[in-house]
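[1] This is a predicted model, with the sequence first.
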Amino acid sequence: MKFGTKAIHAGIKPDPSTGAIMTPIFQTSTYVQRSPGDHQGYEYSRTQNPTRAALQENIAALENGKFGLCFSSGMAAIDAIVKLLNPGDEVISTSDLYGGTYRIFTKVFQRFGIKFHFVPMDELDLIAAKVNDKTKMIWVETPTNPMMQIVDIRKVAGLAKEKGLLLAVDNTFATPFLQNPLDLGADIVMHSVTKYLAGHSDVVMGAIVVNDAKLAEDLAFLQNSCGGVPGPQDCFLVLRGIKTLHLRMERHSQNGKTIAAFLKNHPKVEKVFWPGFEDHPNHRIAASQMRDFGGMISFTLKGDKLADAIKLMENLKLFSLAESLGGVESLCGHPATMTHASIPKSEREKVGLTDSLIRLSVGIEDAEDLKNDMATAMNAI
């Protein structure tokens, strides 16, 4: 089954009681049992819910995985993954990553005795140098947030398997339409469903997909025991959003290419970070493991002045200044004070995340209108 067909049909069955083609919103907390333990597969909605079950099956199919689990947020999904570990275990993470991930690693789990190493992952030797007998997991984002660095999933997966480590990949920026980490050797794929999968800036949710039955069982135990599950209304909205994921991602990628080229050729722009450029570091790897390059772009202005970056963002109209990404509307963000403010400035600057860096989530509007909006804002500098 091709991707667009899976997006619409995988996990979706007409309601047997009415024939409704859309999965019903099972807005219930509990389920009647015929006799103690004699039920229809559902006991309590923290543990199972039919609307959530359909969504989990759908997302798993999109990632070519066997088991899907949904959580109340992307952070709740990350929380469950790290809870697979024990005090004394160590994790090797990419040094450029979402600020919320860095925060939960360093401010929450580090207090419970789990150690995290943050390294650039453009060279395999840099990862291998941190592996020791306490290492249990490698955490990857690719493309990274916000510097758009590319990590070779196949090579990192080879190292992980050689050393007996779990490889977890945050696939939020790429989505299953552009990249399938399980096919490249990853053990765990995580999504902030809030972003492209839901796609309409109206839901907060996370998801995990795996192929290993024991791993799925352990994660399901954590999902139920810790209780960070999404409600059926949100699951319904994501099921609806996913039906157009392939169409939206095609347009996000087209518009991303247009805006990236516009910025690269603009006289006031210093650097543009977008993996579709042939001179982007590891572009060849991106081209080999991604189907297209998406709509996420970061850039800096000449002079690298924070005041100029702020003025530009204040004068954008179609690119709304807001947290998050992946919605149909275009957004601009300032990572240093927004999504990555929880990372110390010294650590941010090690990966090139300066105070004047601007991140764009290019939406699905008309590309000419987006270019004109950016040009007008540039003229205000």
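    That came through fine.
[2] quick one: the strands in the stretch 51-200 of the chain?
    Counting by DSSP state E, counting those that start in this stretch, residue ranges of the strands within the stretch 51-200 of the chain are 67-71, 90-94, 115-119, 135-141, 166-170, 188-192.
[3] Return the most buried member of those strands.
    Ranked by mean neighbour count, these are led by strand 188-192 with a mean of 29 (mean count of other CB atoms under 10 Å). All C-beta spots, glycine's among them, are computed from the backbone N, C-alpha and C.
[4] the inter-axis angle of that strand versus strand 166-170?
    Put simply, strand 188-192 runs at 20 degrees to strand 166-170, going by axes from the mean of the first three to the mean of the last three CA atoms, to 10 degrees.
[5] picking that back up, okay, the strands of the stretch 51-200 of the chain in CSV with mean pLDDT and distance to Asp152 next?
    Below are the strands of the stretch 51-200 of the chain laid out as CSV (pLDDT from 0 to 100; distance: least, CB to CB, whole Å):
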stretch, mean pLDDT, distance to Asp152
strand 67-71, 99, 25
strand 90-94, 98, 12
strand 115-119, 98, 14
strand 135-141, 98, 10
strand 166-170, 99, 12
strand 188-192, 98, 16
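[6] Among the ones you listed, which comes closest to Leu55?
    Closest to Leu55 of the strands of the stretch 51-200 of the chain is strand 67-71 (CB to CB; 5.8 Å).
[7] Against which helices or strands is the closest one packed?
    If contacts are counted by 3 or more CB pairs under 8 Å, 6 or more residues apart in numbering; DSSP states H and E, strand 67-71 sits against helix 50-62, helix 74-82, strand 206-210, helix 213-226.
[8] and the helix ranked longest in the chain, what other elements does it pack with?
    For the chain, the helix with the greatest residue count under DSSP state H is helix 245-264. Applying 3+ CB pairs under 8 Å, 6+ apart, we find helix 245-264 packed against helix 3-9, helix 175-178, strand 269-273, strand 296-301, helix 367-379.
[9] hmm, 10 Å instead?
    helix 3-9, helix 175-178, strand 269-273, strand 296-301, strand 358-361, helix 367-379 (3 or more CB pairs under 10 Å, 6 or more residues apart in numbering; DSSP states H and E).
[10] nearest to Thr258, of those?
    Using CB to CB, these put helix 367-379 closest to Thr258, at 4.3 Å.
[11] Averaged pLDDT, the closest one. What do you get?
    What helix 367-379 shows for mean pLDDT is 98.
[12] what does stretch 3-13 give?
    97.
[13] Now distance to Ala160 and mean neighbour count too, for the helices and strands packed on helix 245-264, in TSV please.
    Below are the helices and strands packed on helix 245-264 laid out as TSV (distance: least, CB to CB, whole Å; neighbours: other CB atoms under 10 Å):
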stretch	distance to Ala160	mean neighbour count
helix 3-9	26	17
helix 175-178	20	24
strand 269-273	26	18
strand 296-301	25	24
strand 358-361	29	25
helix 367-379	39	16
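[14] Nearest approach to Gly241 belongs to which of these?
    Comparing the helices and strands packed on helix 245-264 by CB to CB, helix 3-9 comes nearest, at 9.8 Å.
[15] re earlier: out of the helices and strands packed on strand 67-71, nearest to Pro344?
    Using CB to CB, the nearest of these to Pro344 is helix 74-82, at 19.4 Å.
[16] For the closest one, name the packing helices and strands.
    On a contact count with 3+ CB pairs under 10 Å, 6+ apart, helix 74-82 meets strand 67-71, helix 99-103, strand 135-141, strand 166-170, strand 188-192, strand 206-210, helix 213-226.
[17] Next, the angle from that helix to strand 115-119.
    Going by the same axes, to 10 degrees, helix 74-82 makes 110 degrees with strand 115-119.
[18] gap between helix 74-82 and the chain center?
    12 Å (CA atoms, centre = their mean, to the nearest Å).
[19] Then stretch 350-365?
    In terms of CA atoms, centre = their mean, the centre of stretch 350-365 is set 16 Å apart from its chain centre.
[20] Look at that stretch and report the distance between its end residues.
    34 Å (CA to CA, to the nearest Å).
[21] wait, isn't Phe173 in contact with Gly326?
    Yes. With contacts counted by CB atoms under 10 Å, Phe173 reaches Gly326, the gap being 8.3 Å.
[22] Now the common contact residues for these two.
    Residues touching both Phe173 and Gly326 (CB atoms under 10 Å, 6 or more residues apart in numbering) are His191, Ser192, Lys195, Tyr196, Gly294, Gly295, Met296, Ser361.
[23] neighbours of the third one, just the number please.
    I take that to be Lys195. Counted with other CB atoms under 10 Å, the neighbours of Lys195 add up to 21.
[24] Excluding sequence neighbours, find me the nearest residue to it.
    Leaving aside its sequence neighbours, Lys195 sits nearest to Gly326 (CB to CB, 6 or more residues apart in numbering; 3.1 Å).
[25] Let me see the contact set for the one you found.
    Gly326 touches 172-173, 175, 191-201, 248-249, 252, 294-296, 361, 363, counting by CB under 10 Å, 6+ apart.
[26] Check Phe319 too.
    Listed by CB under 10 Å, 6+ apart, the contact partners of Phe319 are 259, 312-313, 329-333, 358, 360-363, 365, 370, 373-374, 377.
[27] Quick check: phi and psi on it?
    phi -80, psi 100 (degrees, to the nearest 10).
[28] ok, it to Glu365 distance?
    10 Å (CB to CB, to the nearest Å).
[29] Kindly report the same for Ala129.
    Taking CB to CB, one finds Ala129 at 45 Å from Glu365.
[30] if we can go back for a sec, switch the helices and strands packed on helix 74-82 over to CSV; also include distance to Phe109.
    As requested, those are exported to CSV (distance: least, CB to CB, whole Å):
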stretch, distance to Phe109
strand 67-71, 16
helix 99-103, 10
strand 135-141, 11
strand 166-170, 13
strand 188-192, 15
strand 206-210, 16
helix 213-226, 13
